[in-house]
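Enquirer: quick one: sequence and predicted model below, then my questions.
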Protein chains: 2
Amino acid sequence: MSQTVDRALSILPLLAEGPADLGRVADRLGVHKSTALRLLRTLHEHGLVYRQSDQRYRLGARLFALAQEAMENLDVREIAHPHLIRLNEICGHTVHLAVYEEGEVLYIDKVDSRYPVRMYSRIGRPVAITVAAVAKLLLADLPGPERHAVAEKLDYPLYTARSTPGPAAFLTELATVREQGWATDLGGHEESINCVAAPIRGADGRVVAAMSVSAPNVVVTADELLTLLPLVRRTADAISGEYSGRTPVPTPDRDSA
Amino acid sequence: MSQTVDRALSILPLLAEGPADLGRVADRLGVHKSTALRLLRTLHEHGLVYRQSDQRYRLGARLFALAQEAMENLDVREIAHPHLIRLNEICGHTVHLAVYEEGEVLYIDKVDSRYPVRMYSRIGRPVAITVAAVAKLLLADLPGPERHAVAEKLDYPLYTARSTPGPAAFLTELATVREQGWATDLGGHEESINCVAAPIRGADGRVVAAMSVSAPNVVVTADELLTLLPLVRRTADAISGEYSGRTPVPTPDRDSA
DNA sequence: CAGCGGTGTTGCATATAATGCAACACTCAT
DNA sequence: ATGAGTGTTGCATTATATGCAACACCGCTG
């Protein structure tokens, strides 16, 4: 809608691929170098872009801070977190929390007592949308037309032999999930990893988030993992209750501080 | 430099404070509603802004993905990570990695075997710059004028009785740190928490990052923590060596995959 | 059910603000 | 030294963002 801003914002994903110099940015944008320079300068002033010692540009620090604050504004996450912790303490497995937004499903929280390493590497990352148990729940709740539209547009990478092969199979799976109110991923993403997931609903019954428990075959079999289903559902329901129960005052005294 | 982009980007920190509706955004920007609308639309198309069900805008999902990718492009982080893990396995305490950028210090990695909870809540977060051990190391290495300028501009919140009170004390501390090549924070941020930190240097000797080990008093006393200093320094030196040793081929076959 | 404030949205004329150009600075290699 | 490569600046030109005013769309309330 606004050409200048559009161009400026296009620089961000470009730099996400790796640092680039002025010429490269100008080329990729299809604009004159001086134009690219001014856009980069503006991004720089806002801290979204950083100029490293070799003069090349890369994404800046402010981006982290923004993503951070954005994350902390998600009230589902805040409410869910202690529940995820507790679930993790009980079963010991990895616990995920995910939301749907504009065609993407992404993890917004994770607790993993066994492998604390690289925890951050998944939070904020798009989920393997065609196979992840949480994704199935979130997509299954979309209104029919949107659900079909999304399903058609997706890629269906064959991570394993049990990955969802295409739109038809996916929609069938979504129908099942919608029906039963929970979902699984049995080796569909990584051969040896299984997940069970349950939906978190708002006051109007719509699915606002989904949570899952994941564990590798070597720790528990799929069948054993499934015995956790009631626990997972109970946890999800508890979060749902708390989430839809009372909307905490949306006007914190942030400004007066 | 570019007014339109400047305004558009000003929306982001505004939304970071919390969701806002069109009127509010327009007011805060000092522009007409229609202008704000078009800017928001552009941000929306790029996924930086999301329109929630009540029509209000908040920061969008793409922001996470961008921050994520930006983080993974930091080669110091990549090189350091296994070392941090190893250090954590040996001593069991929280290990941080931080960098300096344009007046801010921020954590870019963390390993904590004891308290996996809310791990992400710190990564990407600005550090308590006047007291954190890593911040001291990073600032101590700045060229004199910049160091003084930054020190003057900072706020000096009194987290505890031992927090750095002001610019003069801070600059003195930085001189000491610069001299000795390592730094501590003994209860300066949180009464019961101590840290020891060491610098990671590039080939030219400049400090490119800093790492620290933190532990609460209840686990080890400050004196006990200090006995880890040689280990921390050795780890930091190992990372420095690897970092400045060879610059790994900067053209990964990302595109061909 | 009609009327009304609030909020979001569109088309359009105006003028501002972004653009590309060309000339200039700078760094680094040879 | 000399030249190629890259980044930077001032300026005229025109495209582009802007504000306006009118309209559409709620949810309220009388």
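Expert: Happy to help now that I have it.

Enquirer: how is chain A divided into domains?
Expert: A:3-65, A:74-245 (automatic domain parsing).

Enquirer: show me how far the longest one is from its chain's centre.
Expert: Going by Cα atoms, centre = their mean, to the nearest Å, the spacing between the C-alpha centre of domain A:74-245 and its chain's C-alpha centre is 10 Å.

Enquirer: correct me, but A:Ala203 touches A:Ser244?
Expert: Yes: counting by Cβ atoms under 8 Å, A:Ser244 is a contact partner of A:Ala203 at 3.6 Å. Placement of C-beta: from N, CA and C, glycine included.

Enquirer: quick one: the helices in the stretch 101-250 of chain A, in order.
Expert: With helices called from DSSP state H, counting those that start in this stretch, the stretch 101-250 of chain A shows them at A:133-140, A:144-153, A:167-180, A:222-226, A:229-245.

Enquirer: same list, those helices, but as a markdown table with distance to A:Leu43 please.
Expert: Putting those into a markdown table (distance: least, Cβ to Cβ, whole Å) gives the following:
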| stretch | distance to A:Leu43 |
| --- | --- |
| helix A:133-140 | 32 |
| helix A:144-153 | 30 |
| helix A:167-180 | 38 |
| helix A:222-226 | 46 |
| helix A:229-245 | 36 |
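
Enquirer: do you know how far the residue of chain A most remote from its centre is from B:Ala215?
Expert: No residue in chain A sits farther from the centre than A:Ser34, which is 36.7 Å out by Cα atoms, centre = their mean. Using Cβ to Cβ, to the nearest Å, one obtains 53 Å as the distance from A:Ser34 to B:Ala215.

Enquirer: got any ranges where chain A has weak pLDDT?
Expert: A:113-125, A:245-257 (pLDDT under 70).

Enquirer: which parts of it sit against DNA strand C?
Expert: A:Gln3, A:Thr4, A:Arg7, A:Val31, A:His32, A:Lys33, A:Ser34, A:Thr35, A:Arg38, A:Leu39 (Cβ under 7 Å from any atom of the strand).

Enquirer: try it again with 10 Å
Expert: Proximity of chain A to DNA strand C (Cβ under 10 Å from any atom of the strand) is limited to residues A:1-8, A:26, A:29-39, A:42, A:53-55.

Enquirer: single out the most deeply packed of the helices of the stretch 101-250 of chain A.
Expert: helix A:133-140 (a mean of 28; mean count of other Cβ atoms under 10 Å in any protein chain shown).

Enquirer: which elements pack onto it?
Expert: strand A:94-101, strand A:104-111, helix A:144-153, helix A:167-180, strand A:183-186, strand A:193-201, strand A:207-216 (3 or more Cβ pairs under 8 Å, 6 or more residues apart in numbering or on different chains; DSSP states H and E).

Enquirer: which residues does the one residue sitting closest to the centre of chain A bridge with?
Expert: With distances taken as Cα atoms, centre = their mean, the residue of chain A nearest its centroid is A:Leu106 (0.9 Å). Residues in a beta bridge with A:Leu106, per DSSP bridges, are A:Val99, A:Pro126.

Enquirer: wait, A:Gly60 sits on A:Gln52?
Expert: No: checked against Cβ under 8 Å, the pair A:Gly60 and A:Gln52 is beyond contact range at 10.1 Å.

Enquirer: comparing the two, which residue is more hemmed in?
Expert: A:Gly60 (22 against 10; other Cβ atoms under 10 Å in any protein chain shown).
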